[in-house]
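Asks: quick one, fold the following:
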Amino acid sequence: MKKSVLLIAVLGIMWSCTKKEVDPFATVKPDESRFTKVTLVEKLNEPMELEVLDNGDVLFIERRGKLRKFEAATGEVLEIGSLDVYDQSEDGLLGLAKDPKFMENQWIYLYYSPLGDKHINRLSRFTLVDNLLDKTSEKIMLEVPVFHGCCHSGGSIEFDSKGNLFLSLGDDTTPFESDNYNPIDERAGRPANVDAQKTSANSNDLRGGIIRITPQPDGTYTIPEGNLFPPGTPNTRPELYVKGNRNPFRIAVDQRNGNLFWGEVGPDASKDSLRRGPKGHDEFNLATKPGYFGWPYFVGNNKPYWKYNFEKQESLYEFDPAAPKNTSPNNTGIEILPPATPALIWYPYDESVEFPMLGTGGRNAMAGPVYYREDYEKSEVRFPGYYDGKVFFYDWMRNWIFTVSLTEDYQYDTMERFMPSTVFDKPVDMQFAKDGSLYILEYGTFWSSQNDDSGIYRIEFAPGNRKPTVKISGNKLAGASPLEVKFSSAGTVDADAEDQLTFSWDFGDGSEKSTEPNPTHRFEKSGNHKVTLTVTDKAGASAAASIEVKVGNEPPVVSIDWSGNRSFYFGKESINYAVKVSDKEDRAIADEKVNFSIDYMEGGFDLIQVGHLKEEALSPGETYINQAGCKACHAIEKESVGPNYTAVSEKYKGQADAKGYLVNKIINGGGGVWGAERIMPGHPQLEAAQVEIMVDFILGIANPQAKGSSLPLSGTYSVDKTENQEGYYLIQADYMDKGGNGVAPIKTSDQITLRNPLVRASSANDLKDAAKANGPQFQFVGFTAKDSWIVFRELDLTQITELELVLNPGNTKGKLEIRTGSPDGILVGSSTSLSKDDRPKGQEEVWFSVKVPIQSTDGIKDVYVVFRPESEVSIWNRFNLNTIRFSR
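Replies: Alright, predicted model coming up:
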């Protein structure tokens, strides 16, 4: 009897130890609110690759030569080593990987461009001794001859589960000598970096390939079985695993099956050419075995380029992906190459036919890890099984991350956006940690720059209790001392409905902390104070957010008195205005220190864009530059891939033809002015009128007079451009004070945006139970439920007496109410009950207009259009609103 009891007890223990953990999100997609992006460190200097250690520390490299470590226990960043590197163009310290047995041997691998007379890039192994880089431990494993000062260096390092090291290498070839198509210039006497057949299509050159080697304890390496060319094959390099790459900047290896993924940064041609080849595409590639992946003969899904005679400027024939042939005199490898393998995913600057979800704009494809839940420890932050077997694919330029699912035979199946509401600033590397959380390294806005928005972040998953999402604000974040600030935690939420939150405010001035949700604090000391709010839920999960309060300098007060409506123009008219500026410390303010402008913007009115303008106080030209993504290659003052705008402005200052020349250069592309390697692709997708405004901004940096004469701070302005429904006036005034008491100068601005009074319903700021429908002629909104609504934020209803609604009730019936402040706010107007029977008799068109009188209302309001149905309404039976005209 005792033995039976003991046996049962033992079996029970064994069962409890082997019981499988239940994953509620094994097949169900988790809501984005279950992921939290945690800031670890920011303001890095060109971070490139990272390695997450088992204790949560993070090794990372910066392109200028530094090896640094984030310490998880302290939150500090330490410089643990540096290399003297050649850091021009795309070279520098590029690649980092820890040895698979790092915890035992402390070995790391670095790929870098050593400073000196030798034009090489080098793969070396180093040892960390007492957590510092021991330079004397360097074991040089491989050196790759390169063309210094060019481009496309690659440099990503990854290990597979068998201890093989993969290293990506770019084609080291300029794209700009070939009109941004495939660079295959075979002419004698040309520079060494104009023919990618010398590198990417050359089986005897490592460049333009991804190598696979097996590091040995003595610092050498061997060749694993199964590479592209067996050892001893004439005119080949046995290290090569894949070939035919342009710039495989970031690679990843599936640790379970050895599949190799990489993002391929593609060429810059913006349109197809009948006799040169396809427009540029970026690629997301997968190699399940060694292969040739097409460059410089093919791009995307094996879209072929032409064999082009640069001497005679003649197109001879299209290359054949089934039988690519390298006949270049610069080729030292085999002539007949393996058949070209097409990309898994490919996309151009404009919308992709095959993958429209990837959007439009600049491109810089990168590969992230493949996730398997069971490969990580059972932690509270481990990603769910929903992502099992999916590979993370991201774009440095477009700032998005997708997860890609494959079929059983590793073909493309589906993809979906990961954390679409979360901001990522140029993600450049990512890796899953031991605990199953995802670490993301973000490069920041500008290439070749130290960016304040760069950093290391951790994405944590919460299958049960979720961390709070913290919002922090204050009614006054700058002012003279003493300064009293009313702080608010409004917007702080916890996705778990029954959670109770506690608050802890650290005001950054050494004073006692507050536990109130919305405290008031008086700052006595001048200076910049970092105020941090930490919010903790009842389970102990916490999150924090910070803002800076500047004490000692009262911001200027700037206002624009405008005698007309502050939201709309109503035909041609003259409007009186006056700009008023005061400052507590500066007192007397000269007119010439105040910036005031009125600009008419051709087309593209966007409430989001205008909101950004109000927030950033940018000029129209700089706004267009931001929208076009130009700041990825050009900064205002910092150096980047292209010349900075200040240098451009200085160079063309005083030249009569500068504006026309630069407009043509931006639209059509070109180079040679800033060096042979600094060549800009064309931007034919941009409107000429917008480019002119961009150029005005650039020229105005060094020569403010190039912007035109400044408007007086008071007078009368003629509003005369009123026909274009998308056009709007941007009226801006700003003043920067002189600073004081240890606080930097502060700029204050006031802005007014005047838009056409005919407004599309689909341009509303927010919607509830209302669907946007994009048709060939209409962009309308359909109300799909009782009390559904749309809202237009911050509209001036002064002088507005009537709204004209163009609508189609469909098969339902109801009325539209106009309210201010909220969906249940003040009722300022209402239509009668409407159905399709109210359509004018004899009218075949389903849309008809209804005029709604508006009671006199002054000032800026949030304007709601609320649907009150009197019959059945649903997503299949909607009440539709197309446009609203605001009338005086």
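Asks: hey, let's count contacts and neighbours off CA atoms from now on
Replies: Fine.
Asks: report the separation between residue 760 and residue 236.
Replies: 62 Å (C-alpha to C-alpha, to the nearest Å).
Asks: for residue 162, same thing?
Replies: With C-alpha to C-alpha as the criterion, residue 162 and residue 236 are 24 Å apart.
Asks: who has more neighbours, these two?
Replies: The neighbour count for residue 162 versus residue 236, taken as other C-alpha atoms under 10 Å, is higher for residue 236 (20 against 12).
Asks: so what pLDDT did the more buried one get?
Replies: At residue 236, the pLDDT value in this model is 98.
Asks: that one touches residue 337, doesn't it?
Replies: No: counting by C-alpha atoms under 8 Å, residue 236 stays clear of residue 337, with 11.1 Å between them.
Asks: number of residues surrounding residue 238?
Replies: 25.
Asks: list the contacts of it.
Replies: 223, 227-232 (C-alpha atoms under 8 Å, 6 or more residues apart in numbering).
Asks: what about 7 Å?
Replies: 223, 227, 229-231 (C-alpha atoms under 7 Å, 6 or more residues apart in numbering).
Asks: residue 317 now?
Replies: Per C-alpha under 7 Å, 6+ apart, neighbours of residue 317: 306-307.
Asks: what do you get for residue 578?
Replies: Counting by C-alpha under 7 Å, 6+ apart, the residues that residue 578 touches are 560-562, 713-715.
Asks: how about low-confidence regions in the stretch 651-800 of the chain?
Replies: 670-672, 674-685, 704-710, 773-778 (pLDDT under 70).
Asks: all helices of it, in order?
Replies: Using DSSP state H, counting those that start in this stretch, the helices of the stretch 651-800 of the chain run over 658-668, 688-702.
Asks: so which of those helices comes closest to residue 573?
Replies: Of all the helices of the stretch 651-800 of the chain, helix 688-702 sits nearest to residue 573, with 23.9 Å by C-alpha to C-alpha.
Asks: report the angle between the closest one and helix 658-668.
Replies: 130 degrees (axes from the mean of the first three to the mean of the last three C-alpha atoms, to 10 degrees).
Asks: so which elements touch helix 688-702?
Replies: helix 620-628, helix 645-651, helix 658-668 (3 or more C-alpha pairs under 7 Å, 6 or more residues apart in numbering; DSSP states H and E).
Asks: go with 6 Å
Replies: Helices and strands touching helix 688-702, as assessed by 3 or more C-alpha pairs under 6 Å, 6 or more residues apart in numbering; DSSP states H and E, comprise helix 620-628, helix 645-651.
Asks: list the buried residues for the last one?
Replies: If you call a residue buried by 16 or more other C-alpha atoms under 10 Å, then helix 645-651 has these buried ones: 645-649.
Asks: can you pull out the strands in the stretch 501-650 of the chain?
Replies: 502-506, 520-523, 527-536, 542-551, 557-562, 573-582, 595-601 (DSSP state E, counting those that start in this stretch).
Asks: alpha carbons only: can I get the fourth one in PDB?
Replies: What it means is strand 542-551. What follows is strand 542-551, C-alpha atoms only, in PDB (Å, rounded to 0.1, in the frame of the first residue of the first chain):
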ATOM      1  CA  SER A 542       6.000  49.400 -14.100                       C
ATOM      2  CA  ALA A 543       6.900  51.800 -16.900                       C
ATOM      3  CA  ALA A 544       8.200  55.300 -17.000                       C
ATOM      4  CA  ALA A 545       8.200  58.500 -19.200                       C
ATOM      5  CA  SER A 546      10.200  61.700 -18.900                       C
ATOM      6  CA  ILE A 547      10.000  65.400 -20.000                       C
ATOM      7  CA  GLU A 548      12.400  68.300 -19.500                       C
ATOM      8  CA  VAL A 549      11.400  71.500 -17.700                       C
ATOM      9  CA  LYS A 550      13.600  74.600 -18.400                       C
ATOM     10  CA  VAL A 551      13.600  77.000 -15.500                       C
END
